[in-house]
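*Asks:* structure for this input, please:
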Amino acid sequence: MAPARFALILLITFHLFIHPVLSNDEEDHLLQGLNSFRQSANVPALSKHDKANCIADQIADDLGDQRCNSSTLEPRTESLANHQDALRKCNVDTNTTGGAVVLPVCVPHRVATLVLMNYTQSVDARHLNDSRFTGAGIGTDDDWTVVVLTTSMPAGNLAGSGGYSIKKSGGFTAAAAVMLMLWSLM
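*Replies:* Got it, this is the predicted structure:
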């Protein structure tokens, strides 16, 4: 019986590591595309930023109920000050948001190439080519994609305010939990 359980554990763990959540794959591919765009302009790559990811997820969730229309199809830059609920939910000190920017785009069916083009072939490109921005968070919901760019400076690094933070668990956390649970059954 032990070899069968071990094989099951291996199969589940392999599946969880090889097939991460689709949304995370989509967001990782977008970050790779944005970094390729930055590299072509000799600007350092953006790194994943946990707080920016949380904020981008919250804003995308808020926007997800809005349908794409002529006013939402145009790329726009927003201040994090317009998203106090997201800052609070993600435990971000408002004093550390001044240099960060929110770049929401609405693309019907979130076609990956069109989303990337919305960022690289629009007014948003000036932010992507700005070396002040060092980190990024990406959130998606329905037709919406939200990129939050952060700086390494105190006015844009999205430092926490010391309270509880909402985090979404990734594939590794889920895989580790399932593996431990199954291991305890042996």
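
*Asks:* list the neighbouring strands of whichever helix or strand Val105 is part of plus their orientation.
*Replies:* In the assignment (DSSP states H and E), Val105 maps to strand 101-106. Its sheet considered, strand 101-106 pairs with strand 78-79 (antiparallel), strand 144-151 (antiparallel) by DSSP bridges.

*Asks:* list the contacts of the first one.
*Replies:* Read that as strand 78-79. 97, 101-104 (Cβ atoms under 8 Å, 6 or more residues apart in numbering). From N, CA and C alone the C-beta is placed, and that goes for glycine too.

*Asks:* from Ser40, how far out is Gly137?
*Replies:* Plainly put, Gly137 is 22 Å away from Ser40 if you go by Cβ to Cβ, to the nearest Å.

*Asks:* the two - which one has more neighbours?
*Replies:* Just comparing Gly137 and Ser40: by other Cβ atoms under 10 Å the higher neighbour count belongs to Gly137, 28 against 10.

*Asks:* show me what contacts the more buried one?
*Replies:* 48-57, 147-148, 150.

*Asks:* circling back: among the strands paired with strand 101-106, which is nearest Gln32?
*Replies:* Across these, Gln32 has its closest neighbour in strand 144-151 (13.0 Å, Cβ to Cβ).

*Asks:* report the mean per-residue pLDDT for that closest one.
*Replies:* Mean pLDDT, strand 144-151: 93.

*Asks:* repeat that for stretch 40-56.
*Replies:* Rounded mean pLDDT across stretch 40-56 is 95.

*Asks:* hmm, back to that, name the residues that touch the strand holding Val105?
*Replies:* Against strand 101-106 from outside (Cβ under 8 Å, 6+ apart): 55-56, 59-60, 63, 66, 68, 72-73, 75-80, 82-83, 115, 118-119, 124, 127, 133, 143-149.
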